[in-house]
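Student: Return atomic coordinates for the entry below.
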Amino acid sequence: MISKVNPEIAAQLAPTGTLRAAINMSNFLLVVDKTSEGDPIGPSPRMAAAIAEALDVPLTLVPFQTPSEIAETAGTGVWDIGNIGAEPQRAAVMDFTAAYAEIEATYLVPARSNLKSITDVDKPGIRISVPAGSAYGLWLENNIKYADLKPVKGRQAFEQFVNQDLEALAGLRTQLINDCENLPGARVLDGQFTAVQQAVGINKGNQAALDWLKQFVEEAKANGLVARLIEEYNVQGKLIVAPPG
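Tutor: Numbers count the residues shown, from 1 in each chain. Next up, the predicted model:
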């Protein structure tokens with residue numbers, strides 16, 4: 001059990017007396033379902049609940065349809081912590097802990113494709129469909145040199161990939177495997193171009209709170225909390241415990 005925190009840290013992390021946790025509803029590994037009232041269920045909301053318990057404050061989950069919306073509302077007083085992938089663009093407006101879990105990101109290619117490996121994709125003339133603002137999409141924006149990125153909102157990336165006959169679709173491996181069922185002959189490439197770093201973010205300017213959260217995340221990995229949540233929600237092999245920060 002992670003120890004309770006001193007009241008000063010609790011006041012900095014939950015200034016209203018309630019911890020308001022922004023949850024990305026589009027990540028199907030971290031939010032596996034919803035209650036009848038629409039509240040998210042899964043490893044991400046349970047991590048938020050564990051943080052609230054350690055702070056000894058009530059918890060309110062604040063659902064967002066995309067991680068970009070969470071980053072866009074940083075500093076507006078809408079949320080106190082945001083459970084999303086840590087990427088450099090988001091770090092410009094939020095501070096992050098180390099990752100508590102990782103998700104493999106790779107490519108889906110159509111049946112006609114000659115692409116065999118991850119490194120084959122970043123070549124001139126290759127068009128990559130990708131959900132705009134996703135953590136792995138942001139990674140691609142920072143790292144793709146030759147291919148042509150085609151970011152669009154959410155599941156429109158799959159539709160764009162199919163309708164425009166693009167060469168590759170970037171995504172989380174589990175989702176891409178599911179997408180293959182609707183595309184005869186399509187293949188998910190082995191390996192990964194990145195591992196999405198699922199972390200806890202907070203608004204900037206709260207260093208003491210950030211230091212405590214960093215310690216919390218490391219303890220949650222070390223004491224088996226993250227592993228238990230992965231097992232409880234049956235996402236083993238899809239979501240993995242991140243290495244020590």
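Student: Distance of the residue of the chain most remote from its centre relative to Lys123?
Tutor: Most distant from the centre of the chain: Arg112, at 30.7 Å, with distances by Cα atoms, centre = their mean. From Arg112 over to Lys123 the distance is 16 Å, taken as Cβ to Cβ, to the nearest Å. C-beta here means a position set from N, CA and C on the backbone, and glycine is covered the same way.
Student: same thing with Asp148?
Tutor: 10 Å.
Student: try Ala22
Tutor: Separation of Ala22 from Lys123 (Cβ to Cβ) stands at 37 Å.
Student: More neighbours: which of the two?
Tutor: Neighbours per residue (other Cβ atoms under 10 Å) separate Ala22 from Lys123, with Ala22 holding more: 24 against 12.
Student: my guess is the more buried one is in a strand, correct?
Tutor: Yes - looking at Ala22 with DSSP: H, G, I helix; E, B strand; the rest coil, it is inside a strand.
Student: Tell me where the chain has strands.
Tutor: Counting by DSSP state E, the segments of the chain that form strands are 19-24, 33-34, 40-41, 59-64, 81-85, 94-96, 101-109, 127-131, 148-152, 168-172, 187-188, 194-203, 240-241.
Student: what's the third one packed up against?
Tutor: This means strand 40-41. strand 33-34 (3 or more Cβ pairs under 8 Å, 6 or more residues apart in numbering; DSSP states H and E).
Student: quick one: contacts of the strand it packs on?
Tutor: The contact list for strand 33-34 (Cβ atoms under 8 Å, 6 or more residues apart in numbering) reads 40-42.
Student: Looking at those residues, which one is closest to Thr174?
Tutor: Set against Thr174, the nearest of those by Cβ to Cβ is Gly42 (13.4 Å).
Student: Which residue lies nearest the spatial centre of the chain?
Tutor: Most central in the chain (Cα atoms, centre = their mean) works out to Gly85, at 3.8 Å.
Student: Distance of it relative to Leu176?
Tutor: On the measure of Cβ to Cβ, Gly85 and Leu176 end up 17 Å apart.
Student: What is the least confident helix or strand in this protein?
Tutor: The least trusted helix or strand in the chain, going by mean pLDDT, DSSP states H and E, turns out to be helix 7-13, with a mean of 90.
Student: For the protein, which segments are assigned as helices?
Tutor: Counting by DSSP state H, the chain has helices at residues 7-13, 43-55, 67-72, 88-91, 118-121, 135-143, 156-163, 173-180, 207-222, 225-232.
Student: Ok, which of the ones you listed comes nearest Ala195?
Tutor: Once these are compared by Cβ to Cβ, helix 135-143 is nearest, at 8.9 Å.
Student: Quick check: which of the strands of the chain is buried the most?
Tutor: Mean neighbour count, computed with mean count of other Cβ atoms under 10 Å, is highest for strand 81-85 among those, reaching a mean of 29.
Student: helices and strands around that one, which ones?
Tutor: Applying 3+ Cβ pairs under 8 Å, 6+ apart, we find strand 81-85 packed against strand 19-24, helix 43-55, helix 67-72, helix 135-143, strand 194-203.
Student: got the angle for it vs helix 207-222?
Tutor: For strand 81-85 against helix 207-222, the angle by axes from the mean of the first three to the mean of the last three Cα atoms, to 10 degrees is 50 degrees.
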